[in-house]
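Asks: sequence first, then the predicted structure, then my questions.
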Amino acid sequence: MMRSLALLLGAALLPLSACAQTTPPLADAAWNATRFADRPAIAMGAAWYPEHWPEERWETDLQLMRAAGFNTVRVGEFAWSSLEPEEGRFTFDWLDSAIDLAHRHGMMVVVGTPSAAPPAWLTAKYPDTLRVDEDGSRAGHGGRRHFSFASQRYRDMAGRIAGEMARRYGKHPAVVGWQIDNEIGPPSFDAEAVARWHAFLAQRYGTIDELNDRWTTQYWSQHYNSFDQIPLHSRGQHNPGLLLDFKHWTTATWTDFVQDQARVIRAAADPRQFVTTNTMFWNAGFDHFALHDGLDIAAWDKYLEEGRADWPDTAANHDLVRGYKNRNFWLMETQAGRADWGRINRALDPGQVREMAWQAVGHGANGVLYWQWRNAAGGQEQYYGSLLGQDGQPAPIYREIAQASAELTGAAPLLADTYPAAQVAMIFSYDSRWAIDIQPHHRDFAPIRQFTDYYRPLRAQAQGVEVVSPDADIARFPLVVAPSLNVLTGEQAAHLERYVRGGGHLVLGPRSGMKDDANALWPQRQPGPLAELLGARVAQFYALDEPVGITGTYGTDQVAIWAEELVPEAADLAVLATYTDPGGWLDGKPAVVSRPLGAGRITYVGAWLGQAAMARIATDLLRQEGIAPVVPDAHPDLEIAVRQGAGKRVLIAINHGAEARPLALPPGARAEGGDWTNGSLAAHGVAWFRLGDGE
Ligand code: GAL
């Protein structure tokens, strides 16, 4: 790591090291070794619902899929009533035929368990399995996700059909993986859920005294005599400890809901078949790091409902998903042109669907599956984008998807056993996000926006960011940024302190180190258990309804939404920026401070910086740590990604803009395909290159 005080103060800069991305091989190498070695490294395909169509049609569908360059189909999710039309009577013949036919066409198959859509016989006979909303109303039949995640009966029935499927397809040569349920989400507030809530709290706190203490229940006479007095709530004016524990409980309940199915699948399935579930973009419903502990890979669904892409936002979410397991993932669903649930379901522009596929792969996707293959004649999603029209003929988007599939499956040998690697990590903390959402204190303090405000300039300038949990091993990163680490446990603080003392540079954003994991204020001012290390603390925080000036190392700018006054305590602390706030509390007060600690450093940014200051701070931090992009000075529309591994380095360049942009390549780069000509990347173009300097 290269740094000096002169650098910090903005003086002459050290030469930048070439971007030798130093991340060591992680889980991927070991993981890949256990996979089907003979299977294509990149899966391309679609969600296929053969049960919507007569069997005579399937052959044509599969031929059209192969012609689209697909090598994968996903089947089975939502098909419960077609697989078990009455309790205990299983009708798997049609799915057997569909999977066998897919196999004959050389396709890989992902089998989805159908628990997101319980059949009518089940909910009619066992109404106790239906989900209950917080207001007490019970869900009815006709949609999906109307089950209670807490219902043991429902889990048993979902486990039974998952087990039947696993026994049939767990050794099938075409089946490469399992998707449990679909986009797990809404919690339930039924009696069984309440009982699980009480058991969860008893396990978490041990004694009711401990819970009373951690939740400060003297406040408003909330004292509990026993766990079974504690109400189950997710919102409203409730104890912040209770509301944060509600999220911990939904995490635990969804995790064991998913694990109940994972167990029965694994008992019958080839261990080389992956077990996953498909999650939703930026979903706040549960801690996704925790949920993925017991799964093999992460998978997620990305849609742009209004049809306008914001590439860094999508990039950040891809990096978060890759971070769930520090392992390559699948984009299990993405739109074949348009969604159908936005306000204006605009179709993406020509080229953008292909861009999105390459973007996913650039961030570590090993599979890209479209939703969906063909619209059903009826059902709730008739307007949704699909590869085929209702007449069974290709829609205009089919050609573009076929192009992306041909390119990506063609590049699969090059991409095999490679994964994105970066020298910058960003910490994503679900606890912190929830704690701020519970008490935003400013209506515009949106944790994801705060996160992506940091991510944008760091990603653009470093061209690689990993997203990690607060407990992840971060020793390999010279720079770790935690935008709003509001909730910080003592162990996490000790972990971060070891990182800094070991030579790392930790950057904390506003609201960091304020709460413990029961959502109680730390006895010290922010950053709480890291205040000693920082050698400064927050004297006061202010929600802003008007911008306030800031001046210092990062130039002059304005901050909005949030500003904290820092009080320096350590003699070796540098004040990097102060506020200009004539007549206000913040005038002349420190806003950004930084302290060297041996070879390491801790920096605290006490305000929500504007974009210009954010970009300058990113430049400064990256320079201090000697982190350089692989393609310097790339236009903001250009996304540059590198995947490396197995002695290879692959550069993927995507032009997200509507105009051609210059793209200067690093020495030794060899074009492998795409739209790069005469040093320029076409509008909405993609190109990929092999870099000369393998690992
Ligand atoms: C996803 C879901 C799919 C389909 C798609 C359309 O969220 O998993 O089943 O509904 O949305 O938007």
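Replies: Received the coordinates, thanks. Remember, it's a predicted structure, so these values are computed and weren't measured experimentally. Numbers count the residues shown, from 1 in each chain.

Asks: what does the stretch 201-350 of the chain put close to the ligand?
Replies: Applying CB under 6 Å from any ligand atom, we find that the stretch 201-350 of the chain lies next to the ligand at D301, Y303, E333, A339, W341. Quick note: C-beta positions are derived from backbone N, CA and C, even for glycine.

Asks: so among those, which ones count as buried?
Replies: Buried members of these, scored by 16 or more other CB atoms under 10 Å, are D301, Y303, E333, A339.

Asks: the third one: what's it in contact with?
Replies: E333 makes contact with A47, N278, D301, K302, Y303, L369, Y370, W371, according to CB atoms under 8 Å, 6 or more residues apart in numbering.

Asks: which ChimeraX command selects the buried ones in the residues you listed?
Replies: Those of those that count as buried under 16+ other CB under 10 Å are selected in ChimeraX with:
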select :47,278,301,302,303,369,370,371
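
Asks: tally of neighbours for the residue lying closest to V548 once chain neighbours are set aside?
Replies: Excluding its sequence neighbours, the residue lying closest to V548 (CB to CB, 6 or more residues apart in numbering) is D581, at 4.8 Å. D581 has 22 neighbours, counted by other CB atoms under 10 Å.

Asks: quick check: closest non-adjacent residue to whatever residue of the stretch 551-695 of the chain ends up closest to the ligand.
Replies: The ligand sits closest to H656 of the stretch 551-695 of the chain, with a gap of 22.2 Å, by CB to the nearest ligand atom. Of all residues not flanking H656 in the chain, W311 sits nearest, at 4.5 Å (CB to CB, 6+ apart).

Asks: was I right about that neighbour contacting W358?
Replies: No. At 11.1 Å, W311 does not count as touching W358 under the criterion of CB atoms under 8 Å.

Asks: which of the two has more neighbours?
Replies: Ranked by neighbour count (other CB under 10 Å), W311 and W358 place W358 first, with 25 against 21.

Asks: just the strands in the stretch 51-200 of the chain please.
Replies: For the stretch 51-200 of the chain, the strands defined by DSSP state E, counting those that start in this stretch occupy 72-75, 108-112, 175-179.

Asks: kindly report the same for the stretch 451-600 of the chain.
Replies: Secondary structure of the stretch 451-600 of the chain (DSSP E, counting those that start in this stretch): strands at 465-468, 479-482, 505-508, 536-543, 548-552, 555-568, 574-580, 590-597, 600-605.

Asks: I'd like the ones you listed laid out as TSV, including distance to the ligand and mean neighbour count.
Replies: Compiled in TSV, the strands of the stretch 451-600 of the chain are given as follows (distance: least, CB to the nearest ligand atom, whole Å; neighbours: other CB atoms under 10 Å):
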stretch	distance to the ligand	mean neighbour count
strand 465-468	22	25
strand 479-482	30	25
strand 505-508	34	25
strand 536-543	34	19
strand 548-552	40	19
strand 555-568	31	20
strand 574-580	42	20
strand 590-597	40	24
strand 600-605	35	25
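
Asks: of the ones you listed, which is nearest H684?
Replies: Closest approach to H684 among the strands of the stretch 451-600 of the chain is made by strand 465-468 (23.4 Å; CB to CB).

Asks: to what extent is the residue lying closest to F200 once chain neighbours are set aside buried, counted in neighbours?
Replies: Nearest non-adjacent residue to F200, counting by CB to CB, 6+ apart: W249, 4.7 Å away. Residues lying near W249 (other CB under 10 Å) number 24.

Asks: for W249, give its distance to W215.
Replies: Distance, W249 to W215, using CB to CB, to the nearest Å: 14 Å.

Asks: thought R144 was touching A116?
Replies: Yes. Using CB under 8 Å, R144 makes contact with A116 at a distance of 5.3 Å.

Asks: of those two, which one has the most company?
Replies: Applying other CB under 10 Å to R144 and A116 shows that A116 carries more neighbours, namely 21 against 17.

Asks: show me where the stretch 201-350 of the chain has its strands.
Replies: Under DSSP E, counting those that start in this stretch, the stretch 201-350 of the chain gives strands at 274-276, 278-280, 299-302, 329-335.

Asks: need the winner for burial among the ones you listed.
Replies: With neighbours taken as mean count of other CB atoms under 10 Å, these reach their highest mean count in strand 329-335, at a mean of 26.

Asks: distance from the chain centre to that strand, please.
Replies: A distance of 12 Å separates the centroid of the chain from that of strand 329-335, by CA atoms, centre = their mean, to the nearest Å.

Asks: next SSE downstream of that strand?
Replies: Going down the chain from strand 329-335, the next helix or strand is helix 352-362, by DSSP states H and E.

Asks: next structured bit after that next one?
Replies: Past helix 352-362, the next helix or strand by DSSP H and E is strand 365-371.

Asks: what angle do that next one and strand 108-112 make?
Replies: Between strand 365-371 and strand 108-112, the angle comes out at 70 degrees (axes from the mean of the first three to the mean of the last three CA atoms, to 10 degrees).

Asks: who does strand 365-371 pair up with?
Replies: strand 43-47 (parallel), strand 329-335 (parallel) (DSSP bridges).

Asks: what's the angle between the last one and helix 352-362?
Replies: Going by the same axes, to 10 degrees, strand 329-335 is angled at 170 degrees with respect to helix 352-362.

Asks: please put the alpha-carbon coordinates of strand 329-335 into CSV.
Replies: Output of strand 329-335 as CSV, limited to C-alpha atoms (Å, rounded to 0.1, in the frame of the first residue of the first chain):
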residue,chain,number,x,y,z
PHE,A,329,-23.7,-16.0,-9.5
TRP,A,330,-26.6,-16.4,-11.9
LEU,A,331,-28.9,-13.7,-13.2
MET,A,332,-31.9,-16.0,-13.0
GLU,A,333,-34.3,-13.6,-14.6
THR,A,334,-34.0,-10.5,-16.7
GLN,A,335,-36.3,-8.8,-19.0
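
Asks: got the angle between it and strand 175-179?
Replies: Here the directions of strand 329-335 and strand 175-179 differ by 70 degrees (the same axes, to 10 degrees).

Asks: what's the average pLDDT for strand 329-335?
Replies: Throughout strand 329-335, pLDDT has a mean value of 97.

Asks: kindly report the same for the shortest one.
Replies: Strand 43-47 carries an average pLDDT of 98.

Asks: report whether it contacts the ligand.
Replies: No. Judged by CB under 6 Å from any ligand atom, strand 43-47 stays clear of the ligand, getting no closer than 7.1 Å.

Asks: mutual contacts of W311 and W358, please.
Replies: Jointly contacting W311 and W358 under the rule CB under 8 Å, 6+ apart are I654.
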